[in-house]
Each structure stands twice: as C-alpha cells, then as structure tokens.
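Engineer: Sequence first, then the predicted structure, then my questions.
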Amino acid sequence: MKKTLLLSITLSMTLFADISVEKVVVEQSALQAQTDVQADEVKFTRQQDLAEILSSYVPEINMVRASAIGNDIVLRGFKRDDINVLIDGAKIYGACPNRMDPPAMHISIADIQKVEVAEGPFDVENFGSMGGRVNVLTADPQEGFNGEGAITIGSFGYNKFDAKVEGGDEKLKFSFGVSRENSEQYEDGSGKTLVEQNWDRLGKSDPNAYQEKYKNIDAYTRATIQTKAIYDIDDNQRIKLSLYSDKATDVLYPAFQMDAQLDKTLMLNGSYIIKNLGDFSKELLVQGYYSTVTHDMGTEFRNAAVMMGGKMYRTHHVKSRIEGLKIKNSFLVADILWQVGVDGSLRNWNGICLSEPSKKPRQVRIPDVDTKNRALFVKASKTFDKLTVGAGARFDSTDIDANNLNHPTIANIAPIQNYYKGHTSRSYNDISANLKLDYKLDESSSVYVALGQGIRVPDAQELYFIGFMMGNWSRKGNPNLQETKNRELDIGLKTILFDTELEASIFYSDLKDYIYGYRTNRGNKDPKKYYLTWTNIDAHLYGGSLSLRRSLGDYMMIEGAISYQKGKKDDTIAGQTDDDLAQIPPLHARVALSYDDGEYYVMVEELASAGWKDYDSDNGERAIGGWGVMNVKASKDLSDTISLNVGIDNIFDKTYAVNNTYIGRSLIGGRNPVLINEPGRFIYANLTMRF
C-alpha cells in the first residue's frame, strides 16, 4: 500500500450557529467527580474513534488499540465491565468477547454534544458503575430548520460523509442524520500498515497472519443512521425518542486472530419527564431503552481459512441484546434534594462458532445467557453554608442463567457438561453506597472527600464461555466467580493560584474478589496448550491526577494535565509470581498552548507517556517504551457560515504504541494479542458550512 498524505476536507452545515472551537472544559465537584469533554473538542479531531478522542483530552483515560476503529478505553486502571459506558443514559453492550465492538464504538461522532467522564464508584443510578461512568450525550434538535452535511478525505485514504437535518417549533422538534466512512489501513511511523504489523509480529506463514492477497484490503467501512424527536406537551411535560443504527463491515483487527465481517447495531431510547407534580415530586423521569448488537468475526482474511483443507475457516456469530427501564423521582424536603428510583434491565448474550462457507454449527461459545438486574436507589444532597454533603445507596438483585448448555454441539461432550453441571444459574444481591463532602474554602477554591463502594457482577463470558476441542480448552468460563467490590477513597482540590486554575485528585481503591483474566493450561490434555479463564483475586489500585490552566495575555492559553496509576495484586494467582495488575497505564501527560483572537484559533499540543515498567509478565504483558508526540490544530471563520479547521497529528511521524498485550483482551490456544502501533503522521482539514 502506498502511503498517502491527503488533506481532509469536511463540508459541514452545522446545526448550532454559535458553536466555535474552544479549549477543553473540565468541571469537577465532589458530588459529580466528573470531567466533561464538549462537542467542539470532539468535532475538532479526525472524528474516527471515540476512544482515541477521549484518551487525547483526558489523561486518566488510556486507549486499548485493536484497529482503526472500535478501540476500548481504560479509566484510571479500570477496564471492560469495571466501567459503565452509556449513550444518553442508556446501557449498551457490544457482542464480541474480545471487545472488537466496545460500547464506546456505538455512536456517531458527529452527533455528540458532550461526553461526561465520572471517576470512581459514586454512580448509584446505573448498574455496573464500579470503577466509573462514561455518558455520551447526543445533540437535541432545535427549532426552525437547519441542516448539516460533511465530506472528509484524509491521510491513509480516510473519507467520511455526514448529513443531518433538523426542524420544528416550540412543541415538536426532530432531527435525522446519516454518515458513511471508509479508510485504507493506516501506517505507523515506520510506514507499516496494519497487515504488515501483523506479519512483522507473527510471520507471514502463521495461521493467524493475513493472506498475501489481502495485503491492501481496506481497514473498514461504516455507515450510521440516527434520528431524534422531542415533543413538549406543555411547560412541565416532555417526551424524547431516539433511534440509532450502525453497520460496519470488514473491520480489520490485526491484534486478534479474526476480523469483523459485520457489526450491526440498533438502539432505541425513550424518556418522559413531568415536572411539579406536587411537594414530593419536582421531577419524575421514566426512561426505557432497547439495543441489539450483532457481531460476526471470522478467519476469512487469514491463512487459517486455507489451511488443513479449510477446516479452520470459521465465523463466530455473536449477538447481544439489552432492554431496560428506569423510574426516578426528585423532590426537596427540609432543604435536602432527594432522588429515589427503580432500575431494571435484561441482557442476553448468545454466540456460536460456524464452519465456513457451509454455516454448519461447530460449537456454542456463549450459551444463551440472560443477566436480569433489578435495583432500588436513593441519592440525597444538602448544603450547609460552605459544606455540601451528598450520599447515595443502591441495592441490586441480579440473576444470571445459562439457557443453552444442552445445544447439540456440546450436549454430548462430557468435559463441558461435567464442568458446568449444577452451575447454570447464579444469583447476586449487593449494596453500593457512597458519602461525599465538598467544602468551599473561598470563591475560587474547594476541597472534596468521597468514600464509596461499587459492585460489578461477572458477565456471561467470564462465567460460561466454551472453547473446547480434542481434550483441550482454548477459553473457559468460571461459573463460581463472585462479584467484585471496589471500596474507594477519593480526595480532590480545585483552586486558583497565581492566576492559574488548578485541579488535583488522588484515589485509593481496595478491590475485593476482583475478576481477573489469566493464562493457564490446567486440565488440558496437552500441557503445551494454554487458555484464558478468570478467577477472583484481591488487589488494590491507587493514583492521582493534576491539571493546570493559565491565560497568557488576552489571546493565549496554556494548559497541562498529568495522570498516574499503579495496581497490585494482594494475592498472586496459583502458579504465577507477578503481582502487577494488567492494563494499568504508566504516567501520561498532555500540554497544550493555544491562541484565540476570535478570528484565528491555533493549538499546539504534546502528548507523552512513560514506558511500561510495571506489567503482568505472567499474562502476556511486556516492557514497552515511552513516547511523546506533537499535534497542531488551527481554525478560521471564513465567513458567517463557513469555517476552516486544519490539523496534523503526530507531526514527526513517531512509531509508538499506547497499550500492552494482556491476554485478557484475547487468548485462544495460548496466543497473546499482537501489539499494534499508533498511526504515523496524519494530516486533515475540515471545512464547515452553516445555514
């Protein structure tokens, strides 16, 4: 593949005439413990991948690179089901066991209004926010008639089209949008494509390496549709409905042993709000949601598809579905703001391996598992002069049932049936709670202390995954897993010193029965064959972050942020000696200098990370060097309706990687994920039109 550096041109008729490029707005308080990334920060990027965008702006977030899109996030050392990712307050789960389609993937970047990042176990409204919550808020339609369209052409053959219209009056407003994007494989700083990086790590003859004829295949193609309607019945009542559909095809995942032939998403979300019902109901919210994700991943592009007479040519067909309902009532009694509610959801996860091209079932992978959650929650907050006190509690009752362990592909395999016999159902009853104190020192300074416990139950894969052949497991669930409890202390400060805004925080997490993926060969017929499974361990995490922002005259601003975490196992896993937790990012920092005079906007930023010196060597991780890259962005309003944005990421074309090779990401037959480097120099420009 020939390396190209094409400027991207985006024609965007933006719906919000008052939007301009701004610096990242960071808002934190003890009661929210939240960082907000605004719409302009999201849109003033390449707009390919939300995980990449968030990791650039929020040092506490690290990206787990697997492909050009569909990358996952780690928040202060918490990963996967440890954190909750919501779209407009609604839960969504990907279907892929390897997280090729993480929740953060299921959103159109152009439709994002704001991303809320809340750290710690202090969210009692939602199921599973043990280590934090990321809530992606999409734009609401506005009155009148407006439209948005975008065409993007970028480095490495990246091209994107967006179109959106909205309209309505005071009563009824609607929006409808579509997008389509496609990209060739990006190249790292050494000029190696995704396929070439895969070959470089595995060798061209490896079963998991790409076939030569697919050397120049595109990295992905993706299309989305989204629509939203708001109906204001009167001044006190509002109905909001939204629909989102996403389809991605032939997404290359060189880090893993398969690629995604299909990712298909459908999300429905609706809410009804009524205000001022009485003294004991200032606002009543009823929200319902439904989503389904279909994921087909296979070996079509790999050597495995043409080896052994095609016996290794296969597709894993996996489907995830969730439906949920929340009712929340807010009221004020004795100057205390109360929020009480009920929350429930039903998640189904089902997967099977198929032979290709016959589509003949080979083996059930996830045996039609239901996760049923019912919960009650309460929150309260009160201000005493300079002190604000907040508290919350949640009771969860969760049942998890495997419904398809008698499928014909596994019904007569004794090791599978004996292993799961008597363990097809699990029940968990848990309490989450927190207390938060925020003390205002003066008009510009405050400190907070927060103490909380959050819970997360094991998922269907961790409990019931089946990968077994010829006496050997390749991946194996653990039906005896306990839920994880995160007991965390957070302390923070926000102030202004010498005309510099400063925010600092530290945290300590004590993890009881932490669900941890590890590598073992225990019980396999062939001791050379290893597999991925899960166990409960006790562990702890700690770290902190610091951010600064200062004006330099009327037009310039300098800002910086730094974040550090460290994780240790209290108990090492049997047969292992390394006490480091996996996927704990090293020191990460960002410094940015910007100029904004109202006509021109320019930002130069440096992103940097220390090397991986603390890593879980027993489970696939290794030392990885530190890195530093420089990016530049600029913007100018060419007229009242046209703006031009340009940028270069990784100006000096560095070769570097931001994540590690933990086997918990993907291990089949003892193989670790392939380490994938970040893109090399990427030049882009956005031309925006408004009317």
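Structural biologist: It's in.
Engineer: mind listing what the residue nearest to residue 370 when sequence neighbours are not counted touches?
Structural biologist: Of all residues not flanking residue 370 in the chain, residue 401 sits nearest, at 5.0 Å (CB to CB, 6 or more residues apart in numbering). For glycine as for every other residue, the C-beta is placed from the backbone atoms N, C-alpha and C. By CB atoms under 8 Å, 6 or more residues apart in numbering, the contact list for residue 401 reads 369-370, 372, 424-426.
Engineer: can I get the residues you listed in a markdown table with pLDDT and distance to residue 57?
Structural biologist: Conversion of those to a markdown table gives the following (pLDDT from 0 to 100; distance: CB to CB, whole Å):
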| residue | pLDDT | distance to residue 57 |
| --- | --- | --- |
| 369 | 97 | 36 |
| 370 | 97 | 37 |
| 372 | 98 | 36 |
| 424 | 95 | 44 |
| 425 | 96 | 43 |
| 426 | 97 | 38 |
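Engineer: How much space separates residue 530 from residue 425?
Structural biologist: From residue 530 across to residue 425, the span is 29 Å (CB to CB, to the nearest Å).
Engineer: So if I had to pick from these two, which one is more boxed in?
Structural biologist: residue 530 (23 against 12; other CB atoms under 10 Å).
Engineer: thinking the more buried one is in contact with residue 522, fair?
Structural biologist: No - with contact defined as CB atoms under 8 Å, residue 530 does not reach residue 522; the gap is 9.4 Å.
Engineer: Skipping adjacent residues, who's closest to the residue nearest in space to the middle of the chain in space?
Structural biologist: Residue closest to the mean C-alpha point of the chain, counted by CA atoms, centre = their mean, is residue 104 at 3.8 Å. Distances taken as CB to CB, 6+ apart place residue 50 nearest to residue 104, at 4.7 Å, with adjacent residues excluded.
Engineer: residues in contact with the one you found?
Structural biologist: 42, 104-105, 107, 109, 112, 115, 136.
Engineer: quick one, phi/psi of it?
Structural biologist: phi -70, psi -40 (degrees, to the nearest 10).
Engineer: tell me the pLDDT at residue 50?
Structural biologist: Looking at residue 50, its pLDDT reads 87.
Engineer: Point out where this structure drops to low pLDDT.
Structural biologist: Within the chain, the segments meeting pLDDT under 70 span 1-48, 667-671.
Engineer: Okay, helices next: where are they in the stretch 301-450 of the chain?
Structural biologist: 414-420 (DSSP state H, counting those that start in this stretch).
Engineer: typo on my end, it should be the chain
Structural biologist: 39-43, 50-57, 194-202, 414-420, 460-464 (DSSP state H).
Engineer: Give me the contact list for the fourth one.
Structural biologist: The list of residues contacting helix 414-420 from outside it, by CB under 8 Å, 6+ apart, reads 402, 405, 410-411, 464, 466, 468, 471, 476, 479.
Engineer: Scan these and report the most crowded one.
Structural biologist: residue 464 (29 neighbours).
Engineer: Could you report the distance from that residue to residue 363?
Structural biologist: 13 Å.
Engineer: Also residue 639?
Structural biologist: 61 Å.
Engineer: So those two - more neighbours on which side?
Structural biologist: Comparing residue 639 with residue 363 by other CB under 10 Å, the one with more neighbours is residue 363, at 19 against 8.
Engineer: Identify the bridge partners of the more buried one.
Structural biologist: Here residue 363 sits in beta bridges with residue 353, going by DSSP bridges.
Engineer: wouldn't it be in contact with residue 354 here?
Structural biologist: No - applying CB under 8 Å as the test, residue 363 and residue 354 come out as separate, 9.4 Å apart.
Engineer: Of the contacts of residue 50, which is the nearest to residue 493?
Structural biologist: residue 115 (23.7 Å; CB to CB).
Engineer: What about the closest one, how many residues nearby?
Structural biologist: With other CB under 10 Å as criterion, residue 115 counts 23.
Engineer: just the one 3 residues further on next, same as before
Structural biologist: If you count neighbours by other CB under 10 Å, residue 118 ends up with 21.
Engineer: isn't it right next to residue 125, touching?
Structural biologist: No - counting by CB under 8 Å, residue 118 does not reach residue 125; the two are 10.7 Å apart.
Engineer: In stretch 352-363, which residues are buried?
Structural biologist: Buried residues in stretch 352-363, counted by 16 or more other CB atoms under 10 Å: 352-354, 356, 362-363.
Engineer: before we move on, what about stretch 612-631?
Structural biologist: Applying 16+ other CB under 10 Å to stretch 612-631 flags 612, 614-616, 618-621, 624, 627, 629-631 as buried.
Engineer: Narrow those residues to those in strands?
Structural biologist: Counted as lying in strands by DSSP state E, out of those, are 627, 629-631.
Engineer: residues in contact with the nearest residue to residue 52 once chain neighbours are set aside?
Structural biologist: Using CB to CB, 6+ apart and skipping the chain neighbours, the partner closest in space to residue 52 is residue 63 (5.7 Å). Contact analysis of residue 63 by CB under 8 Å, 6+ apart lists 51-52, 54-55, 71-74, 658-659.
Engineer: Which one of the residues you listed is nearest to residue 689?
Structural biologist: Distances from residue 689 to the contacts of residue 63, taken by CB to CB, are shortest for residue 52, at 25.7 Å.
Engineer: isn't that closest one right up against residue 73?
Structural biologist: No - in this structure, residue 52 is not within contact of residue 73 by CB under 8 Å, at 9.5 Å.
Engineer: Comparing the two, which residue is more hemmed in?
Structural biologist: For residue 52 versus residue 73, neighbours defined as other CB under 10 Å are more numerous around residue 73 (26 against 22).
Engineer: Pick out whichever of the contacts of residue 50 sits closest to residue 181.
Structural biologist: residue 109 (9.3 Å).
Engineer: Just give the number of residues close to the closest one.
Structural biologist: Neighbours around residue 109, by other CB under 10 Å: 20.
Engineer: Look up how far residue 625 lies from it.
Structural biologist: For residue 109, the distance to residue 625 - CB to CB - is 30 Å.
Engineer: Also residue 107?
Structural biologist: For residue 107, the distance to residue 625 - CB to CB - is 32 Å.
Engineer: And residue 605, by the same measure?
Structural biologist: For residue 605 relative to residue 625 (CB to CB), the value is 21 Å.
Engineer: So residue 328 sits against residue 281, correct?
Structural biologist: No - Residue 328 is beyond contact range of residue 281, at 10.5 Å (criterion: CB under 8 Å).
Engineer: Settle it for me: which of these two has more neighbours?
Structural biologist: residue 328 (18 against 13).
Engineer: wait, what's in contact with that one?
Structural biologist: 125, 284-285, 287, 339-341.
Engineer: any idea what sits nearest it, other than its immediate chain neighbours?
Structural biologist: Residue 328's closest residue in space is residue 341 (CB to CB, 6+ apart), at 3.6 Å.
Engineer: beta partners of that neighbour?
Structural biologist: Here residue 341, judged by DSSP bridges, has bridge partners residue 328, residue 377.
Engineer: my guess is it meets residue 329, correct?
Structural biologist: Yes - counting by CB under 8 Å, residue 341 touches residue 329, with 6.5 Å between them.
Engineer: and for those two, which residues touch both?
Structural biologist: With CB under 8 Å, 6+ apart as the test, residue 341 and residue 329 both reach residue 285.
Engineer: Counting neighbours around each, name which of those two comes out higher.
Structural biologist: Legend: neighbour count by other CB under 10 Å for residue 341 and residue 329, higher for residue 341 (21 against 17).
Engineer: Now do the same contact list for that one.
Structural biologist: Here residue 341 is in contact with 125, 285, 326-329, 376-378 (CB under 8 Å, 6+ apart).
Engineer: Let me know whether residue 322 touches residue 291 as I believe.
Structural biologist: Yes - when contacts are counted by CB under 8 Å, residue 322 is listed as touching residue 291 (5.6 Å).
Engineer: Need the residues touching each of the two.
Structural biologist: Counting by CB under 8 Å, 6+ apart, the residues touching both residue 322 and residue 291 are 91-93.
Engineer: Cheers, nothing more for now.
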